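Q: Need a 3D model of the sequence below.
(2 chains)
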There are 2 protein chains.
Amino acid sequence: MLAVAVEEARTGYREGGVPVGAALFGPDGRLLGRGRNRRVQDGDPSLHAETDAFRAAGRRAAYHGTTLVTTLSPCWYCAGLVRQFGIPRLVVGEARTFPGQHDWLAEHGVEVTVLDDPTCQLLMTEFIRTRPELWQEDIGGEPRGGR
Amino acid sequence: MLAVAVEEARTGYREGGVPVGAALFGPDGRLLGRGRNRRVQDGDPSLHAETDAFRAAGRRAAYHGTTLVTTLSPCWYCAGLVRQFGIPRLVVGEARTFPGQHDWLAEHGVEVTVLDDPTCQLLMTEFIRTRPELWQEDIGGEPRGGR
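A: Residues are numbered from 1 along each chain as shown, chains lettered A, B, ... in the order given. Below you'll find the predicted structure:
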């Protein structure tokens, strides 16, 4: 399932955007929606990869049995999305380049799997090195740690 | 400042949508962006009022001194937005019809003002009474309480 999210992240990178990708899968493993960060491409700061995949999945009465896959540990905004809509499973490509809120979600009942995917890490490491100001803009200007 | 958010909520109600409105203001009180829930209008579940107003304000390097005004206490998704992007002030029209996460934000340093606005309450009370299934869909199918 990570492959779809990585493909989105790579596309975002080629487009000059923030290289984070995500995908939402149904209980049967069917792809419901996929997306990537679109801050640069659409000039839209509200579209992180996770929210873009969620949007692409369209309107749904509930999210029982779904899995959200993201190349990078989710920020507070995207973690809030997962919690509010009761998405029960989260797969994270990597959490080394950004200390996201996957632990907070695990504490609140989400089944979290953190991979240590080298492709996801390489994309983000290269991006942060070459576009530090864009990265800071995308996460609100400074780290937001704690709980 | 609440008047702009209420106007958005009323427009959303007339459009057959979820009647929640929001607006983001700059340090000088200038309106940066305004918006409303667009689940019905755009078929887009990712656009709560707060995220729509945030989107309308466009790309910004930081949110120092800004104030987010919303007619209804924010859900986890929108509260996560406020926390991640460091929006320092939140004005809530009412928190009676939905027990949102404004207390969680206050605990994490956001200056929160909760009004008890009768217009905001009336809009939501009427909406929840007439469209309970749409309201449940908009908040993920069931209440998400706790911290």
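Q: So what pairs up with the nearest residue to A:Asp116 once chain neighbours are set aside in the strands?
A: If you skip the residues right next to it in sequence, A:Asp116 has A:Glu94 as its closest partner in space, 6.0 Å away by C-beta to C-beta, 6 or more residues apart in numbering or on different chains. In this view, the C-beta of every residue, glycine as well, is placed from N, C-alpha and C. For A:Glu94, the beta-bridge partners under DSSP bridges are A:Leu72.
Q: got the contact list for A:Glu94?
A: Counting by C-beta atoms under 8 Å, 6 or more residues apart in numbering or on different chains, A:Glu94 makes contact with A:Thr71, A:Leu72, A:Ser73, A:Val114, A:Leu115, A:Asp116, A:Asp117, A:Cys120, A:Gln121, A:Met124.
Q: got TSV for those, with pLDDT and neighbour count too?
A: As requested, the contacts of A:Glu94 are arranged in TSV below (pLDDT from 0 to 100; neighbours: other C-beta atoms under 10 Å in any protein chain shown):
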residue	pLDDT	neighbour count
A:Thr71	98	32
A:Leu72	98	31
A:Ser73	98	25
A:Val114	98	17
A:Leu115	97	14
A:Asp116	95	11
A:Asp117	98	18
A:Cys120	98	27
A:Gln121	98	17
A:Met124	97	23
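Q: Can you tell me which of those is closest to chain B?
A: Comparing the contacts of A:Glu94 against chain B with C-beta to the nearest C-beta picks out A:Ser73 as the nearest, at 12.5 Å.
Q: Hmm, the closest one is touching A:Leu105, no?
A: No: no contact is recorded between A:Ser73 and A:Leu105 when judged using C-beta atoms under 8 Å, the distance being 9.6 Å.
Q: what does chain A put close to chain B?
A: Applying C-beta under 8 Å from any C-beta of the partner chain, one finds that chain A approaches chain B through A:39, A:43-47, A:51-52, A:54-55, A:57-64, A:75-81, A:83-86, A:108, A:133, A:136-137, A:139-142, A:144, A:146.
Q: Filter the residues you listed down to the buried ones, PyMOL style.
A: In PyMOL, selecting the buried portion of these, with burial taken from 16 or more other C-beta atoms under 10 Å in any protein chain shown, looks like this:
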select buried, chain A and resi 39+44+45+46+47+51+52+54+55+57+60+63+75+76+77+78+79+80+81+83+84+85+86+137+139+140+141+144
